[in-house]
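[1] Take this sequence and fold it.
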Amino acid sequence: MELSEKHIAFIENSLSLYGVKNIELRDDLLDHICTFIENQDSDDFNKLYQQALQKFGGYTSFQNLQLETNHQKLAKEIITVNKVKFSVGFLVILLLVVSLVFQIMDWPYANAYLLGAIIVSVLVILPAHFYAAYKKSIHKYS
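    Numbers count the residues shown, from 1 in each chain. Sure, this is the predicted structure:
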C-alpha cells in the first residue's frame, strides 16, 4: 500500500496523542509503522494500521518505550555529571597535595593553592552533585 501525507500525519498525531513525546523515538516508530503498512498487499489503511499497532505491542508498549528512553537519557546525563565530578575531584586533590607540599616547605602561594581547591570544590563539585540529585528526584516522581 502506498501511504499518503494524510496517512503519515495521522500516524504521527496518534503517536503524539498516546504519549510518545521524544521526537527521535516518534520518528523511529513512525518509520517502522509506515514501512510495515507499505509492505502489505491490502489497501485498507485502518486495518493495516491496527495490525501494525498490534505487531509493535500497542500504545502501552509505545509509552513503555518512551519511559525507557527517558531513563536512558537520564542515565547518560548522570554518567556525564559523575565523570565531571570525578575529573574535577582529581584536580581538587592535586591542588590540596600541592598546597600541603608548599606549606611543609614554607614556599609561597601555599594558601593560594588551598583556596583554589576550596573554590573549585564549592563552584563545580557541589553544584554538579546537587544537580544530579535534583535530576534523579524529578525523574523518580515523573
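[2] L3: what secondary structure?
    coil (DSSP: H, G, I helix; E, B strand; the rest coil).
[3] Make residue 1 into 24 and carry on from there
    Shifting the count to begin at 24 puts that one at L26.
[4] Contacts only, for it.
    Counting by C-beta atoms under 8 Å, 6 or more residues apart in numbering, L26 touches C57, I60, E61, F68. Where you see a C-beta, it was placed from the backbone N, CA and C, and this is true even at glycine.
[5] In contact with the residue nearest in space to the middle of the chain: list those residues for me.
    A centroid search over the chain (C-alpha atoms, centre = their mean) returns K96, at 1.7 Å, as the residue closest to the centre. Not one residue lies near K96 by C-beta under 8 Å, 6+ apart.
[6] how about this structure, which residue sits the furthest from its center?
    D129 (48.5 Å).
[7] contacting residues around that one?
    Contacts for D129 (C-beta under 8 Å, 6+ apart) come out as none.
[8] So what does it have for phi and psi?
    Note on D129: its backbone torsions stand at phi 60, psi 40 [degrees, to the nearest 10].
[9] go on, N87?
    Torsion angles, degrees, to the nearest 10, at N87: phi -70, psi -40.
[10] separation between it and Y41?
    Separation of N87 from Y41 (C-beta to C-beta, to the nearest Å): 11 Å.
[11] Repeat that for A135.
    59 Å.
[12] Tally up the residues packed near G112, please.
    For G112, the tally of surrounding residues (other C-beta atoms under 10 Å) stands at 15.
[13] contacting residues around it?
    When contacts are counted by C-beta under 8 Å, 6+ apart, G112 touches I148.
[14] repeat for N62
    Applying C-beta under 8 Å, 6+ apart, no residues contact N62.
[15] Return the per-residue confidence for D66.
    pLDDT, D66: 86.
[16] which ones are touching it?
    D66 sits next to M24 when contact means C-beta under 8 Å, 6+ apart.
[17] For it, grab phi and psi.
    In terms of degrees, to the nearest 10, the main-chain angles of D66 are phi -110, psi 0.
[18] Please determine how far it is located from L26.
    For D66, the distance to L26 - C-beta to C-beta - is 11 Å.
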